[in-house]
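**Q** using only what follows, build the 3D model:
(chains A, B and C)
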Amino acid sequence: MSKTKTSKTVHLTIDGQNVEAPKGAMILDVTPGLGVEIPSLCAHPGLEPFGACRLCVVEIQKPGWDDWYKQLVTSCLFQVEEGLKVWTNSDEVRQNRKVVLDLLMARVPASDVIRDLGNQYGVTKTSYAEVDTEDTCIMCDICVRACHAIGRDAIASMSRGPDKYVDVPDKDACIGCLVCANLCPTNAIPFTANDNGKRRIWGKEFDLVTDERSGEVLGTTEYIEHVRKRAEDKGLLCPEDMKHESARVKRYGYAQKLSHVADVEEPIEEVK
Amino acid sequence: MTSSNGKPFGSVKNLLKRAEKILKERKKLKQEIRVCAGPGCIALGAKDIHKELCKQLDDHKKELEAAGLELNVTLSEKCTGCHGMCEAGPIVTIEPEGTFYTGVKPRDTKKIVEKTLLKDQLVDPLLYQLGHHRGGGKVKHYADIPFYSLQLRVALRKVGVVDPTNFDDFLAEGGFQAFAKAIAEMTPEDVIDQVEKSGLRGRGGAGFSTGRKWRSALRVKEDRVWLICNGDEGDPGAFMDRAIMEGDPYSVLEGMMIGAYALGATDAWIYVRHEYPLAVEHLQMAIDKLTNAGLLGENILGTGMTLNVRISRGGGAFVCGESSALMRSLEGKVGEPRAKYVRSVEKGLHDEPTVLNNVETFTCVPAIIDKGAEWFASMGREKSKGTKAFSLVGKVKHTGLIEVPMGRTLREIIFDIGGGIIDDRPFKAVQTGGPSGGCLPAGKLNLQVDFDTLADAGAMMGSGGMIVMDDHTCMVDVAKYFINFLIGESCGKCVPCREGLYQLYDLLNKITNGEGKPGDLETIETLCHTMEVASLCALGKSAPYPVTSTIKYFREEYEEHINDGVCRAGVCPKLIVYHINDDCNGCEVCRKHCPTNAITGEKKKLHVIDPDLCISCGICKSVCKFDTIDIMSGGKIVSRDVVA
Amino acid sequence: MSKRLYVTPYRCIDCKVCEQACSLAKTPVPGIPAKPRVQTFKVDDQTNFVLLCLQCDEASCQKVCPTDALVRNPETGAIEVNDRCIGCGFCVQACPFGCMDYDDIHNEYIKCDVCKGDPACAKYCPTGALVWDEKAWTDQEAKERTEKKSTDPFSIALEMAKK
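**A** Alright, predicted model coming up:
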């Protein structure tokens, strides 16, 4: 047992701490709990690593390298290795994060998130030409990747270079799930969650489905349909009859069934 | 196209027999007349020349036949790939004498046929004229022209020699001998050994050892390994790969076939830039012919080897020349680089082991197999073996395509082969390695060019573009130009490259507009450092090189722009003033041409430019026959030559 | 045999202690209690019921999750939501028992993870309706515990006090 364990884990040092990590993990994945703070805007554990924001840079040194030689890598994309040495807060690291934040502050002057982060690294005012915009999108691609993950691919990044922007080219593909807006690190996606039974995002309006019994909002019609289809594809039982009820109502119904009480109809109000 | 009886070659023996037969037939031909059909020459009418030449030859044949005589010369005529000396096109050469005609026009063909072909006389006005510094005079044979005599062609060995659309012609020039040798006499291991021993390094820019790349792909190979030929040459002013793909597609394919044999690859892609339709046409033609001839497809030459080559046309994105972006593009995804901590030989196209090499690299392989690793390794320098093709462009007399052994100095390349600077102006800088390469000053002219010396000097080999600049070039403006190019080509994925280039351009633009502030240079340097170390792909990492190298070698020019508002080259429009000096004789030409009516003055009287109306377009200067218009910057005349 | 969370519905007196304990144990921000993962119901006069995640073998929530954010902890056998969650809410829709839920106060998707092996609900349950134990019950015992209707709270409390 112990033998297989050693082959699947590697040992490295992060800021002087000895760390044991599973093989194949990225440096950023193994830092939580070490008291080491690596800022990051485009990384999300559930999404494929992307490496766009370059904030999570760290310095590394592989065993066998000359003592003076270190390399700057993005921790979200660099796999841990046996004997690797990592510095997460060296001068070089801080300097590069500072320039990146400086650049981002010039790009999205309206973003509080970026400004606060910049202040942490000593950037109070950008040294570059500020772009005159209220937009706070930093092209981290999280929305694009999340939309891809849930199986819609509605969002795409368009154009290239500094003109790059994020949009929904095919409005029909959007199901109004709000995942993109909720994940956005700089809150750059405007939306109205519930305005009299309507939801608005990406310039599209959705009808909301409400649980009749509890009055809880379940999501948009398109969203419910998408989940039903997905459940069907995944081979779940009876997706056709999948009850679109709020969790509470479902729980109550189940409780009723399990408690062998057939003739109870009224106490449902209690659920609310 | 196929073996003599029209069937595919069933074995290596058949192929060699066929080659021998063609060679025997060729020996009967007395002369061969070659018309350059490189892009430059085609633009200047090479196709018409070829058509006219065929007609002339036919007419003569008929005439002689009518008179009861036979044409006493047998000859062939063909369109070949680029000859290299593009500025002297269209070029016609006659073999085996090596007669070299430049600037040929369709009407000259009659003279060429009547005099040179039939009477062995030269057409004097078409001969190449040596420069004054070499004593003038005409040169009969191209081997005597310094532009050619100093070159050593390996990758370009058949470009300008063979007809790219004719398979027999390629066989006659020794084509597929290397492949036949590899497949019949060598094991895959031998092939890799030879390539590794030859010291061949990737010609695409990074210069990674090709043999080592192949070996490591073989090591991780499970069931499939992809072979990709990168023909997405996007650097401004670079056209080596284009010339090879257009002029010698069979050699590229032969190199890929040898690579496929060594790696056991069954599927290969050639990724060709969208702007190269002729390259795609010729490559596709070659692939079709090879498939018919049994050299591609299944059971190649009866050996059981399988190789399918497909062509993919790039969408015109510079970043797709970056290998990981190229692979994503081939997968049908957005052409953005992906994280490169996993090497593509391990996980490349479709997450399978992939070997990606440049066109020039693949073209070198048959030569190595044919002549041996030792022969290749005998050329060049210790760590950079062999030769390298460069496209020499800019303010140099002989722009064109050249190939020299590694280790030639910049001076030899620019002044001996390139013939020096146009109008014999002073040399200022040479930009190597494409848009993200660096600018090297006159002090570096003795640099022996190879992968490592260029990198040490702050430039890079890149794919081999060389842009020569004279003293009328503003280095800040040059840096700005390249940054602007890169802005348009950056994929926009990572922050340092996307935002960094945008801000870099903004800063440089301010400097060239005279709005630079003290401290700007430091800001630029900090920014460049972060872009270099923190960008995601090679494009972003090397994007600041044009700026860092010009700051390194021409810092005082930046400082002049910022502190004194002076552009010593007289280029930056906001920093210069056009001024008519006292020599003006009032011919009124400039006044009539000025688009903003900024010039006033009566006939035969001194004209004056109103600086408020002048937009510094420079038209007046270009139309003035008496050279009376000066460019002033910071109160000094900058347009006159400082060097006597 | 590893420990399990045993539910004995007839012992539930709908006192909501488990809900409170859960709420406090799972609070991510001190002072703002979380939405409880466990819930008790008064189904009718005689019947109370306590319901929490069944940790299904082939869990629907796990199957529909696009980012594999629901992973079974091999030590406790419970399915846990990890940081890979992107908040799409598919699991809530897919769970037929309503045991996946969304905590709109703390903005997270929640389910019972048996407190990583130390369930607060069982710890504070006054009547033994929720038990964290590794004992194997006899068939008779198990039948009794699931089928018997809940009796009046006082007799159960008395029974507990005697033990």
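
**Q** and chain A, which of its residues are near chain B?
**A** Counting by CB under 8 Å from any CB of the partner chain, chain A comes close to chain B at A:49-55, A:57, A:72-74, A:77-79, A:92, A:95-96, A:99-100, A:103-104, A:106-107, A:127-129, A:138-139, A:141, A:157, A:159-164. Quick note: C-beta positions are derived from backbone N, CA and C, even for glycine.

**Q** take those residues and keep only those in helices.
**A** Assignment to helices by DSSP state H places the following of these there: A:92, A:95-96, A:99-100, A:103-104, A:106-107.

**Q** buried members of these into PyMOL, please.
**A** Here is the PyMOL command that selects the buried residues among these (16 or more other CB atoms under 10 Å in any protein chain shown):
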select buried, chain A and resi 92+95+96+99+100+103+104+106+107
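
**Q** how about stretch A:188-197: buried residues?
**A** Across stretch A:188-197, burial judged by 16+ other CB under 10 Å covers A:188-189.

**Q** please export the C-alpha coordinates of it as CSV.
**A** As requested, the backbone C-alpha atoms of stretch A:188-197 are provided in CSV (Å, rounded to 0.1, in the frame of the first residue of the first chain):
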residue,chain,number,x,y,z
ALA,A,188,-18.7,42.2,-15.6
ILE,A,189,-21.8,40.5,-16.8
PRO,A,190,-24.9,42.5,-16.1
PHE,A,191,-28.2,40.7,-15.4
THR,A,192,-31.5,40.9,-13.8
ALA,A,193,-32.2,37.7,-11.9
ASN,A,194,-36.0,38.2,-11.3
ASP,A,195,-38.1,41.0,-12.5
ASN,A,196,-41.7,40.0,-12.2
GLY,A,197,-41.1,36.5,-13.4
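
**Q** what about that stretch, distance to the chain center?
**A** 19 Å (CA atoms, centre = their mean, to the nearest Å).

**Q** quick one, what contacts the residue nearest the centre of chain C?
**A** Ranked by distance to the mean C-alpha position of chain C (CA atoms, centre = their mean), the top residue is C:Leu52 at 3.1 Å. Residues counted as contacts of C:Leu52 (CB atoms under 8 Å, 6 or more residues apart in numbering or on different chains) are C:5, C:7, C:37-39, C:99, C:112, C:121.

**Q** I'd like the distance between A:Arg94 and A:Arg54.
**A** In this view, A:Arg94 and A:Arg54 are 13 Å apart by CB to CB, to the nearest Å.

**Q** so for the two, which sits in the more crowded spot?
**A** Residue environment comparison for A:Arg94 versus A:Arg54 gives the larger neighbour count to A:Arg54, 30 against 15, counting by other CB atoms under 10 Å in any protein chain shown.

**Q** mind listing what the closest residue to that one other than its chain neighbours touches?
**A** Of all residues beyond its chain neighbours, the one nearest A:Arg54 is B:Ala534 (4.7 Å), with distances taken as CB to CB, 6 or more residues apart in numbering or on different chains. Listed by CB under 8 Å, 6+ apart, the contact set of B:Ala534 reads A:54, A:57, A:72, A:74, A:96, A:99-100, B:494, B:496.

**Q** tell me which of the residues of chain A next to chain B fall in strands.
**A** Members of the residues of chain A next to chain B lying in strands (criterion: DSSP state E): A:57, A:72-74, A:157.

**Q** got TSV for those residues, with pLDDT too?
**A** As requested, these are exported to TSV (pLDDT from 0 to 100):
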residue	pLDDT
A:Val57	93
A:Leu72	92
A:Val73	92
A:Thr74	92
A:Ser157	89
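
**Q** need the max-distance pair from those.
**A** The largest separation in those, counting by CB to CB, is between A:Leu72 and A:Ser157 at 25.1 Å.

**Q** the helices in the stretch 151-300 of chain B, which residues?
**A** Per DSSP state H, counting those that start in this stretch, the stretch 151-300 of chain B has helices spanning B:167-172, B:177-185, B:188-198, B:210-220, B:240-247, B:249-263, B:277-292. These are given in chain order.

**Q** mean neighbour count added to these, as TSV?
**A** Putting these into TSV (neighbours: other CB atoms under 10 Å in any protein chain shown) gives the following:
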stretch	mean neighbour count
helix B:167-172	22
helix B:177-185	19
helix B:188-198	19
helix B:210-220	19
helix B:240-247	29
helix B:249-263	28
helix B:277-292	19
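
**Q** and of those helices, who's closest to B:Ala377?
**A** For those, the distance to B:Ala377 is smallest for helix B:188-198, at 5.4 Å, taking CB to CB.

**Q** relative orientation of that closest one and helix B:249-263 in degrees?
**A** 120 degrees (axes from the mean of the first three to the mean of the last three CA atoms, to 10 degrees).

**Q** where's helix B:188-198 relative to the chain centroid, distance-wise?
**A** For helix B:188-198, the gap between its own C-alpha mean and the chain's C-alpha mean amounts to 28 Å (CA atoms, centre = their mean).

**Q** show me what that helix is packed up against.
**A** Under the contact criterion of 3 or more CB pairs under 8 Å, 6 or more residues apart in numbering or on different chains; DSSP states H and E, the helices and strands touching helix B:188-198 comprise helix B:210-220, helix B:249-263, helix B:359-371, helix B:373-377.

**Q** distance to B:Ser384 for the ones you listed - can I get that in a markdown table?
**A** A markdown table is the format used below for the helices and strands packed on helix B:188-198 (distance: least, CB to CB, whole Å):
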| stretch | distance to B:Ser384 |
| --- | --- |
| helix B:210-220 | 13 |
| helix B:249-263 | 19 |
| helix B:359-371 | 13 |
| helix B:373-377 | 11 |
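
**Q** just send the ones you listed back as JSON lines, with distance to chain C too.
**A** Conversion of those to JSON lines gives the following (distance: least, CB to the nearest CB, whole Å):
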{"stretch": "helix B:210-220", "distance to chain C": "27"}
{"stretch": "helix B:249-263", "distance to chain C": "35"}
{"stretch": "helix B:359-371", "distance to chain C": "41"}
{"stretch": "helix B:373-377", "distance to chain C": "50"}
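
**Q** looking at those, which is closest to chain A?
**A** In this view, these are compared for proximity to chain A by CB to the nearest CB, and helix B:210-220 is the closest at 15.6 Å.

**Q** anything in that closest one near chain A?
**A** No. Where contact is defined by CB under 8 Å from any CB, no part of helix B:210-220 touches chain A; the two come within 15.6 Å at best.

**Q** let's see that helix as PDB, backbone CA atoms only.
**A** Taking Å, rounded to 0.1, in the frame of the first residue of the first chain, the C-alpha atoms of helix B:210-220 are listed here in PDB:
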ATOM      1  CA  THR B 210      15.300  17.700 -34.700                       C
ATOM      2  CA  GLY B 211      16.800  14.400 -34.000                       C
ATOM      3  CA  ARG B 212      16.100  14.700 -30.300                       C
ATOM      4  CA  LYS B 213      12.600  15.800 -30.900                       C
ATOM      5  CA  TRP B 214      12.000  12.700 -33.100                       C
ATOM      6  CA  ARG B 215      13.500  10.400 -30.600                       C
ATOM      7  CA  SER B 216      11.500  11.700 -27.700                       C
ATOM      8  CA  ALA B 217       8.300  11.400 -29.700                       C
ATOM      9  CA  LEU B 218       9.200   7.800 -30.500                       C
ATOM     10  CA  ARG B 219       9.800   7.200 -26.800                       C
ATOM     11  CA  VAL B 220       6.300   8.300 -25.700                       C
END
